[in-house]
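Engineer: coords below, sequence missing:
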């Protein structure tokens, strides 16, 4: 199985891969560029290639996460143009680093009704992916439900993907904290959620898992990640996902807080010890 955490690119992509390896990780996530900017990055292709080679040699899987300002339902035309360019750039960097894909949050909007919001989101995906022919995919992540009902259910993920012109270029990322906070997973109903995902054909397109605990109860709609052993989700409930056969080849990546009594290295070791 593939376990790891989010790591910094402060010293480049190759060094990020080495950092993950030194943590004992077999998977990791990183930002393609400044996480607070949509500016297109003229990245170091040699550094990216070295990252890809290192990961290949050590059998490590990586994923990228889009910068924070990225929205699949932009508020205006100017920001829409910036996001499209940024997403294409993210995919180019991911491809160069040999990454599985780029995680992007499912869209939300307060300016449009839900139908118009979904329509805009699908148009955005089509615009980005019409400019992309690589192997790296856009990986749509489920929402926690903070301020919006959009992007919570597996049905939404599947239907949005199907309604685009390029479904083969889209995959999914399941965030366990978001699933718990939204209420679709309450800690006790994983078998039901798993059956639903099988019926919807969700799991063949699931390419990454953000494995996080939650600081708030199921259904709270509060997106606050907790360390694996200090949140509302119990160890047994986490282990049920960890040992689900349908998830056995998918990278589990931690986005848990730092400096709260347990390190990512310790959490990765915890994952390894409790996996089948």
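Structural biologist: Looks like it arrived, so ask away. The structure presented is a predicted model; accordingly, all values stated were derived computationally and were not measured.
Engineer: Assign residue 104 to helix, strand or coil.
Structural biologist: strand (DSSP: H, G, I helix; E, B strand; the rest coil).
Engineer: Hmm, it is touching residue 69, no?
Structural biologist: No: using C-beta atoms under 8 Å, residue 104 makes no contact with residue 69, being 11.5 Å away. Where you see a C-beta, it was placed from the backbone N, CA and C, and this is true even at glycine.
Engineer: So the two - more neighbours on which side?
Structural biologist: Between residue 104 and residue 69, residue 104 has the larger neighbour count (other C-beta atoms under 10 Å), namely 25 against 14.
Engineer: Any idea how many residues pack against the residue nearest to the more buried one when sequence neighbours are not counted?
Structural biologist: Closest residue in space to residue 104, ignoring its immediate chain neighbours: residue 66 at 4.7 Å, by C-beta to C-beta, 6 or more residues apart in numbering. Neighbours of residue 66 under the rule other C-beta under 10 Å: 25.
Engineer: where does residue 66 fall, phi/psi-wise?
Structural biologist: Main-chain dihedrals, residue 66, degrees, to the nearest 10: phi -60, psi 150.
Engineer: ditto for residue 175
Structural biologist: phi -100, psi 120.
Engineer: can you pull the contacts of it?
Structural biologist: Taking C-beta atoms under 8 Å, 6 or more residues apart in numbering, we find residue 175 in contact with 141-142, 144, 209-210, 212, 255.
Engineer: For it, which non-adjacent residue is spatially closest?
Structural biologist: Nearest to residue 175 is residue 210, by C-beta to C-beta, 6+ apart, at 4.0 Å.
Engineer: That neighbour is in contact with residue 180, isn't it?
Structural biologist: No: proximity of residue 210 to residue 180 does not meet the contact threshold set by C-beta under 8 Å, at 11.4 Å.
Engineer: can you tell me which of the contacts of residue 175 are in strands?
Structural biologist: Counted as lying in strands by DSSP state E, out of these, are 141, 209-210.
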